[in-house]
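> model this:
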Amino acid sequence: MANFLTKAFGFDSAKHNVRTEIVAGITTFLTMAYILAVNPSIFSALDMPKGSVFTATALAALVGTLVMAFYAKKPFALAPGMGLNAFFVFTVCLTMGHSWQFALTAVFLEGILFIILTLTKVRSWILNAIPLSLKHAIGAGIGLFIAFIGLQNAGIIANNDSTLVALGDITHGAALLGVIGIVITGALVILKVKGSILIGILVTAIIGLFIKDPASGEALTKFSGVISAPDSVAPIFLKFEWSQILSWDMLAVVFTFLFIDMFDTMGTIIGVSQKAGMVDEKGNVDGIDKMFMADSIATVCGACLGTSTTTTYVESASGVGEGGRTGLTAFTVAILFALALLFSPIFLAIPGAATAPALVIVGVMMMSPVAKIDWENYSESIPAFITILMMPVAYSISDGILLGVISYVLLNACAGKFKKISPTMWVLAALFICKYIFI
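Below is the predicted model of the structure:
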């Protein structure tokens, strides 16, 4: 058994624990399972069948995470990405006026380009060119970003016309449940209880049975059934549109998908790998090419199944926070996505407010790299701060990275510190500036 786990998942019985890896996988799944409800809802704006999109979402996550588990042997999970699905629906289709078949074709082409870039090691070359201070900032920025997502999901942070965001009504409904969950989960973490994040999610979900949504009057945690047969993906499977493959619109859409996905994935892998201790003294990530390949294959498969870009999920940090370090964690997540196809009513019953505390606590755990940034060296700390700040403020991991790289090059160039700027960083900064101007 030990030999199988080692060969299949990179599991070392001297360093790793089966129970810990499984608990980590369950925790990761529970913090990202919201995509099974959110993705079909977003795509329904295009009149795509919700049942088919649900099945495609689960299958894309299943395939991508299995590749990560067996090929890359890392504790990362994949699924259709938030933000990327919104760009697919609201920008490409509803704003630019293209069909969802056109957008799926763009996602497919992006995935093929990713495979080529990974095989030629271009993605690794770009990643290794990023200065160590920015790599530390990326991990911390992602921590703030996922904590902010958690607070939003629970309604603890709400929209506000005058200040953009404000404190929600934390005395009622989901926000109250989120606050209770943060207290419970935080206390369990302080007490060093094994599986504290997972226990926090489950206890919070149970409490949700007794707290009502003020708008609907219904319990926040509610079950609509137990077993539901998955719908067929036939209506959206391989529905590509090749007639506009050489158009300027297709080129713009493909490269926008490419930029967002590349740097979202890059940021997630750097940040979570730092938390897992899977980086060397220069901040380089062990096994990065295989992780990129898993991400690329998942995007191609997701497009074929009928959903938007599949990417490595930042919520993987929650499983890493529980001690997940091998492909067994990812394999556990994949199995749960397979089960979700049959038991979707149960998995979807856990409200966002119950998973929000996990994201907040993991956000705390991911802040530790800021201590490694030399804050007195402003040529390093200002770009690092911009990277950290822009992720939650711009609501984008990729924008945080792009603006961090641009600011690093421009600030050091203006200060005459040209020796600090590698040729790769000059090229990246120029490309990123063009991205904001032309795409």
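
> For the closest residue to Gly195 other than its chain neighbours, pull up the helix or strand it's in.
Closest residue in space to Gly195, ignoring its immediate chain neighbours: Val23 at 4.7 Å, by Cβ to Cβ, 6 or more residues apart in numbering. Any C-beta I mention is one placed from the backbone N, CA and C, and that applies to glycine too. If you go by DSSP states H and E, Val23 is part of helix 18-32.

> Kindly report the same for Pro345.
Element membership for Pro345 (DSSP H and E) is helix 344-347.

> which residues are in contact with that helix?
Helix 344-347 has contacts (Cβ atoms under 8 Å, 6 or more residues apart in numbering) with 33, 36, 54, 223-228, 230, 336, 339-340.

> Where neighbours are concerned, which of the residues you listed has the most?
With neighbours set by other Cβ atoms under 10 Å, the maximum within those is found at Phe54, which has 26 neighbours.

> For that one, give me its contacts.
Contacts of Phe54 by Cβ under 8 Å, 6+ apart are 36, 39-40, 230-231, 344.

> so it is in which element?
Following DSSP H and E, one finds Phe54 within helix 50-67.

> Among the contacts of helix 344-347, name the ones in helices.
Within the contacts of helix 344-347, residues falling in helices by DSSP state H are 36, 54, 336, 339-340.

> Pick out the most distant pair among these.
For the ones in helices among the contacts of helix 344-347, with distances taken as Cβ to Cβ, the pair at the greatest spread is Phe54 and Leu336 (14.9 Å).

> Go through the helix holding Phe54 and flag the buried ones.
51-67 (16 or more other Cβ atoms under 10 Å).

> I'd like to check the angle between that helix and helix 18-32, please.
Orientation of helix 50-67 against helix 18-32 (axes from the mean of the first three to the mean of the last three Cα atoms, to 10 degrees) gives an angle of 150 degrees.

> Quick one: mean pLDDT for helix 50-67?
Averaging pLDDT along helix 50-67 gives 92.

> Likewise for stretch 178-187?
The pLDDT scores in stretch 178-187 average 95.

> How far off centre is that stretch?
The chain centroid and the centroid of stretch 178-187 are separated by 23 Å, computed with Cα atoms, centre = their mean, to the nearest Å.

> Equivalent analysis for stretch 391-398, please.
Averaging C-alpha positions (Cα atoms, centre = their mean) puts stretch 391-398 12 Å from its chain's average.

> What's the end-to-end length of it?
Separation of the first and last residues of stretch 391-398 by Cα to Cα, to the nearest Å is 8 Å.

> Sketch out the low-pLDDT regions of this protein for me.
Scanning the chain with the threshold set as pLDDT under 70 gives 1-2, 83, 282-283, 347-348, 439.

> any idea how far the spatially closest residue to Ser44 that is not a sequence neighbour is from His172?
Leaving out its chain neighbours, the residue that sits closest to Ser44 by Cβ to Cβ, 6+ apart is Lys50, at 5.2 Å. Look at Lys50 and His172: by Cβ to Cβ, to the nearest Å, they are 29 Å apart.

> Same check on Ala215?
To His172, Ala215 is 10 Å away according to Cβ to Cβ.

> Quick check on the two: which one has the bigger neighbour count.
Applying other Cβ under 10 Å to Ala215 and His172 shows that His172 carries more neighbours, namely 15 against 9.

> Which residue is the nearest non-sequential neighbour of that one?
Pro214 (5.1 Å).

> same question, Leu238
That would be Cys304: by Cβ to Cβ, 6+ apart, it lies 5.7 Å from Leu238.

> which stretches of the protein form strands?
Under the criterion DSSP state E, the chain contains strands at 78-80, 157-160, 164-167, 310-312.

> Same list, those strands, but as CSV with distance to Val285 please.
Converted to CSV, these look like this (distance: least, Cβ to Cβ, whole Å):
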stretch, distance to Val285
strand 78-80, 16
strand 157-160, 31
strand 164-167, 32
strand 310-312, 12
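
> Please work out which of these is packed deepest.
Highest mean neighbour count of those: strand 78-80, a mean of 31 (counted as mean count of other Cβ atoms under 10 Å).

> coming back round to it: can the ones in helices among the contacts of helix 344-347 go into JSON lines with extra columns for distance to Ala354?
Formatted as JSON lines, these follow (distance: Cβ to Cβ, whole Å):
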{"residue": "Leu36", "distance to Ala354": "15"}
{"residue": "Phe54", "distance to Ala354": "20"}
{"residue": "Leu336", "distance to Ala354": "16"}
{"residue": "Leu339", "distance to Ala354": "19"}
{"residue": "Ala340", "distance to Ala354": "16"}
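
> re earlier: my read: the residue nearest to His172 touches Gly173, true?
Yes - here Pro214 lies in contact with Gly173, judged by Cβ atoms under 8 Å, at a distance of 4.9 Å.

> If you count surrounding residues, which of these two has more?
Taking other Cβ under 10 Å, Pro214 and Gly173 do not tie; Gly173 has more neighbours (22 against 12).

> For Leu46, see how far away the more buried one is.
Taking Cβ to Cβ as the measure, Gly173 falls 30 Å from Leu46.

> what do you get for Gly400?
29 Å.

> Show me which of the two is the more surrounded one.
Gly400 (29 against 16).
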